[in-house]
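> Give the three-dimensional model of this entry:
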Amino acid sequence: MKTTDKIFDYFYEKTGIIFSEKRNIVSERIIRFASYDGYDVDTYWEKIQNNKELFQKLVNKLSVNETYFFREDRVYPVLVKKIKKKSSKVRILSLPSSTGEEPYTIAMTLFENNLQHHCDVFGCDIDTDVLNEAKKGVYRQKSLRKIDEKIESKYFLKHEGAYHLDEAIKKSVTFFQGSIFDKELLSLEKFDFIFCRNLFIYFDNSSREKAERQLFEMLKPKGVLFTGHADYPQNKVGMEKKFKNGIFYFKKQNS
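Numbers count the residues shown, from 1 in each chain. Sure thing, here's the model as predicted:
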């Protein structure tokens, strides 16, 4: 077995993430990351098994660009069904929102189901650079690799190799800067739904529990937290774990 394959297996064991696409490109990136830290790939493999900080650097680097439209798309029919049961206006937060693919996917889903006037969508990220990119709403093809052709033609205009998002969708999402650990977030009006996907994998148990408690406080009673398939929330806050349409999510009880 090649050394990079061992690293892929170890990465999956620790994070649950499988690089099924563009594996050769990711292998080249791993070799490059190893050289940046002064190692050949064999030494790097030995080091990351015993050095949590070095492995965390690899997790961060390999996870940064893994966002795209309609990622883990089985969640959106569940969201729509739940929104339709609400009589009052719904607040939805994507955190971290990265370059905007997730909150814009939520927005397009709402438009497709004529629910856009019934919901307010927000995107929050600690990185001001990705927030600026999100607000531009201009994407490359890799961000649209899982998108339906009908949705693409309806909400994107291709120009000089880039895909420009429809202005109505852009205007329907409000972005702001912040960290999941910012206490200022607790002063915001609470949310009915929070998407916090593929973030917990970066945290140790202490930080994970802290993040869970923060998200719990940000949810309304009966609010729902959607996490990613690779996330491992400890659920120390005691939310009810649910399984529907092939996805797990967490529901806050009345309080």
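> Where do the helices of the stretch 51-200 of the chain begin and end?
Secondary structure of the stretch 51-200 of the chain (DSSP state H, counting those that start in this stretch): helices located at 52-63, 75-83, 101-112, 128-136, 149-155, 167-171.
> By mean pLDDT, show me the worst of those.
With a mean of 74, helix 52-63 has the lowest mean pLDDT of the helices of the stretch 51-200 of the chain.
> helices and strands around that one, which ones?
Identification of packing neighbours for helix 52-63 by 3 or more C-beta pairs under 8 Å, 6 or more residues apart in numbering; DSSP states H and E yields helix 3-15, helix 23-36, helix 41-48. Heads up, the C-betas are built off the backbone N, CA and C, glycines and all.
> Columns distance to residue 77 and mean neighbour count on top of these, output as CSV?
Listed next are the helices and strands packed on helix 52-63 as CSV, based on distance: least, C-beta to C-beta, whole Å; neighbours: other C-beta atoms under 10 Å:
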stretch, distance to residue 77, mean neighbour count
helix 3-15, 26, 16
helix 23-36, 30, 15
helix 41-48, 38, 17
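> With mean pLDDT added, can I get those in JSON lines?
Rendered in JSON lines, the data for the helices and strands packed on helix 52-63 read as follows (pLDDT from 0 to 100):
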{"stretch": "helix 3-15", "mean pLDDT": "81"}
{"stretch": "helix 23-36", "mean pLDDT": "89"}
{"stretch": "helix 41-48", "mean pLDDT": "94"}
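> For residue 168, find the nearest of these.
helix 23-36 (34.7 Å; C-beta to C-beta).
> Identify the residues contacting the closest one?
With contact meaning C-beta atoms under 8 Å, 6 or more residues apart in numbering, helix 23-36 is reached by 4, 7-8, 19, 40-41, 43-44, 57-58, 61-62.
> mind redoing it with 7 Å?
Residues outside helix 23-36 that contact it (C-beta atoms under 7 Å, 6 or more residues apart in numbering): 4, 7, 19, 40-41, 44, 58, 61-62.
> cool, stretch 99-115 as well?
Contacts for stretch 99-115 (C-beta under 7 Å, 6+ apart): 67-71, 76, 79-80, 83, 92, 94, 97, 116, 119, 121, 123, 130, 133-134, 137, 143, 151, 155, 165, 169, 172-173, 195.
> how close does the residue nearest in space to the middle of the chain sit to residue 5?
Note on the chain: the residue nearest the mean C-alpha position is residue 197, at 3.9 Å, using C-alpha atoms, centre = their mean. The spacing between residue 197 and residue 5, counted by C-beta to C-beta, to the nearest Å, is 27 Å.
> Repeat that for residue 30.
Separation of residue 30 from residue 5 (C-beta to C-beta): 10 Å.
> Kindly confirm whether my reading is correct that residue 215 touches residue 197.
No. Counting by C-beta atoms under 7 Å, residue 215 does not reach residue 197; the two are 11.7 Å apart.
> Which residue comes closest to residue 211 once chain neighbours are left out?
In space, residue 211 comes closest to residue 180 once its chain neighbours are excluded; the distance is 5.2 Å by C-beta to C-beta, 6 or more residues apart in numbering.
> The one you found and residue 212, how far apart?
Distance from residue 180 to residue 212, by C-beta to C-beta: 10 Å.
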